[in-house]
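Enquirer: Structure of the sequence below:
(2 chains)
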Amino acid sequence: MIDTSTPRTQQIETLRRQANQTRCRDLRMIHEAGMGHTGGDLSATDILTTLYFEVLNVNPNNPADPNRDRFIMSKGHCSGALYTTLAYRGFFPVEELSTYMQPLSRLNGHPDRTKVPGVETNTGPLGHGLPVAVGAAIGAKLDQAAWRVFVLTGDGELQEGSNWEAAMTAGHRGLDNLTVIVDRNRLQQGDAVANTVRLDPLADKWRAFGWAVAEVDGHDYDALLDVFGGLPLETGKPTCIIAHTHKGKGVSFMEDKAGWHHRVPTADELQKALAELEAAV
Amino acid sequence: MSTLFDCRNAFAETLVALGEADERIVVVNNDSIGSSKTGAFRDRFPDRLINVGIAEQNLVGVGAGLANAGKIPFVCSAACFLTGRALEQIKADVAYSNANVKLVGVSSGMAYGPLGATHHSIEDFAWTRAIANLTVVAPADPEETAQAVRLAANTPGPVFLRLSRMGVPALYDHSYAFKFGKASMLRDGGDVTLIANGVMVTRALEAATLLEAHGIEARVLNMATVRPLDQEAIIAAARETGALVTVEEHTTYGGLGSAVAEVVVQTVPVPMRILGVPGVFAPTGDPAWLLEHFGLTPEGICDAALELKKPVLR
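Expert: Purely as a prediction, here's the structure:
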């Protein structure tokens, strides 16, 4: 739940510092592992930081609390950003991040709920998170429970038809306890989304499926806090937040480059990236 | 002729009874209330039947989400669409995630005979039994169906129940205790073992009667659970009877017969025959005709056993 007693400027500064720390640790982790999804991790980091440190009602000491808010990372390949955020939020030790994708590590390349506390469902194949989120939201409604469901999808991921099956169901049932955040970084693995299969008009698509839609800068903590603080956008409708982001956000030479989708920084690139991030704090 | 039962009725009645006792029981389906016979559940618990429309990927994902919310979802669909269309959701959202989801594939095998191969579900054992952490069950009669449904509800973890709509006689009464992964011996014999499940069990029993006339004593095992497989019963059958015939309403590629063979060749290699649909799309025809067409009849099973027992001429 968003803390309203702390001044907003202070909240934003705390989030900014946390996101910066998350980015630095994530890049080190990817470099050490020699694998990872650098670009999408960085585009999602501010959203994840805002959710986990200000919005979600979750308790690292009781990750299975039946009344917790559910967060589902549908873009499971960005496990680096998720694990780093979960670790800093206290779900498991930060030191464990150095096992990322190593043999027998529970920090698999894509999140596994049977092993990692805080993970709600196993994702990796795209288009799986939203249907599961819809099911959880229906479950909460059946129990008239207050907990909410959040799901983060990529934008290229919306090419998967299963999302639209789930979007139809959520719209039909008016699941206003459900929020999807689209990490709209405009790039997919091989090219721009618009050059692959375009999504625009994206907001209109969600509206046509019965959703209330907001568009925000996905790196603007103030805007993110505002939109998350005003959920649901409309009573009786699920919410879609189209978060406009930049792949590789925070590192100048990675930003908006499809090539950084799953490129791993060299030692030299890592040092340059960390220097930029540290200078930004 | 004995009375024939549609096992979907036992499923539907058990589901309503479970729903009365436990409000966590919910049904998810894909506009298949009629074919899954979940109308009574909907009438009794209107809020607890979630119809997601004609959208199988969503069907299974929503089931996993309901399990995440603490529900015990029975996700019902025609077996062909449930397993074919949503296999990745079954793998990732249900089995790999260890979600407490009960998948119910109805009208399995060639029950939709005249509708053609799109609607036949003769690949589902192969697809589902390859997935780790998924219990795969094809009950043979109403009692076994009811017990499997109850056991699925009461056992945490993913289960796939494969239910036919073809009439079958009652084989068990209340004294039976179905367990996942445990075959039931319906008849003992020392010459050959007939291993079947689902609608084929009755036919295997009838084949055993036919074999008597040839002086062959057949053991009959109902291998309702395809995964985890009752390896002990298979090894004992191979050791004690020396020949096995498997019978399934499924392709001979990757199903019950393959599962049994995997055990047999690595433990007690004995001659086997695998009866089923021999790796083709089945033609149109009513279900009984199709079973006859592929030799999945008491006579066909009997002939296969006789051939297996015939001394090899060199």
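Enquirer: contacts for stretch B:265-274?
Expert: The contact list for stretch B:265-274, computed with Cβ atoms under 8 Å, 6 or more residues apart in numbering or on different chains, reads B:231, B:234-235, B:238-239, B:242-246, B:252, B:257-258, B:260-261, B:264, B:304-305, B:307-308. The way it works is simple: take the backbone N, C-alpha and C, and place the C-beta from them, glycine included.
Enquirer: all helices of the stretch 1-150 of chain A, in order?
Expert: Assigned by DSSP state H, counting those that start in this stretch, the stretch 1-150 of chain A shows helices spanning A:8-33, A:38-50, A:79-88, A:129-142.
Enquirer: Take the ones you listed and write them to JSON lines, including distance to B:Ala40, mean neighbour count and mean pLDDT.
Expert: As requested, those are exported to JSON lines (distance: least, Cβ to Cβ, whole Å; neighbours: other Cβ atoms under 10 Å in any protein chain shown; pLDDT from 0 to 100):
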{"stretch": "helix A:8-33", "distance to B:Ala40": "52", "mean neighbour count": "19", "mean pLDDT": "97"}
{"stretch": "helix A:38-50", "distance to B:Ala40": "45", "mean neighbour count": "29", "mean pLDDT": "98"}
{"stretch": "helix A:79-88", "distance to B:Ala40": "43", "mean neighbour count": "26", "mean pLDDT": "98"}
{"stretch": "helix A:129-142", "distance to B:Ala40": "19", "mean neighbour count": "29", "mean pLDDT": "98"}
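Enquirer: quick one: which of the ones you listed is nearest B:Val52?
Expert: Shortest separation from B:Val52 across these is recorded for helix A:129-142, at 8.2 Å, computed as Cβ to Cβ.
Enquirer: Is that closest one in proximity to chain B?
Expert: Yes: between helix A:129-142 and chain B, judged by Cβ under 8 Å from any Cβ of the partner chain, the touching residues are A:Leu130, A:Pro131, A:Val132, A:Ala133, A:Val134, A:Gly135, A:Ala136, A:Ala137, A:Ile138, A:Gly139, A:Ala140, A:Leu142.
Enquirer: Straight-line length of stretch B:61-81, end to end?
Expert: One end of stretch B:61-81 sits 14 Å from the other (Cα to Cα, to the nearest Å).
Enquirer: Which of the residues in that stretch are classified as buried?
Expert: In terms of neighbour count (16 or more other Cβ atoms under 10 Å in any protein chain shown), stretch B:61-81 has its buried residues at B:61-69, B:71-81.
Enquirer: and chain A, which of the residues you listed contact it?
Expert: Contacts with chain A within the buried residues of stretch B:61-81, counted by Cβ under 8 Å from any Cβ: B:Gly61, B:Val62, B:Gly63, B:Ala64, B:Gly65, B:Leu66, B:Ala67, B:Asn68, B:Ala69, B:Lys71, B:Pro73.
Enquirer: Now, those that are in helices?
Expert: Using DSSP state H, the members of those that fall within helices are B:Gly61, B:Val62, B:Gly63, B:Ala64, B:Gly65, B:Leu66, B:Ala67, B:Asn68.
Enquirer: Go through the residues you listed and name the one nearest A:Asp191.
Expert: Each of these was checked against A:Asp191 using Cβ to Cβ; the closest is B:Gly61, at 27.7 Å.
Enquirer: Near chain B, which residues of the stretch 51-200 of chain A are found?
Expert: Of all the residues in the stretch 51-200 of chain A, those in contact range of chain B (Cβ under 8 Å from any Cβ) are A:66, A:70, A:112-114, A:120-125, A:127-128, A:130-140, A:142-143, A:149, A:161-162, A:165-166, A:168-169, A:172.
Enquirer: which one of the ones next to chain A among the buried residues of stretch B:61-81 is nearest B:Glu23?
Expert: Comparing these against B:Glu23 with Cβ to Cβ picks out B:Lys71 as the nearest, at 8.9 Å.
Enquirer: Next up, the contacts around the closest one.
Expert: Remark: with contacts taken as Cβ under 8 Å, 6+ apart, B:Lys71 is in contact with A:Gly139, A:Leu142, B:Arg24, B:Ile25, B:Val26.
Enquirer: Quick check: phi and psi at B:Arg239.
Expert: Phi and psi for B:Arg239, reported as degrees, to the nearest 10, are phi -70, psi -40.
Enquirer: what residues are up against it?
Expert: For B:Arg239, the contacting residues are B:Val268, by Cβ under 8 Å, 6+ apart.
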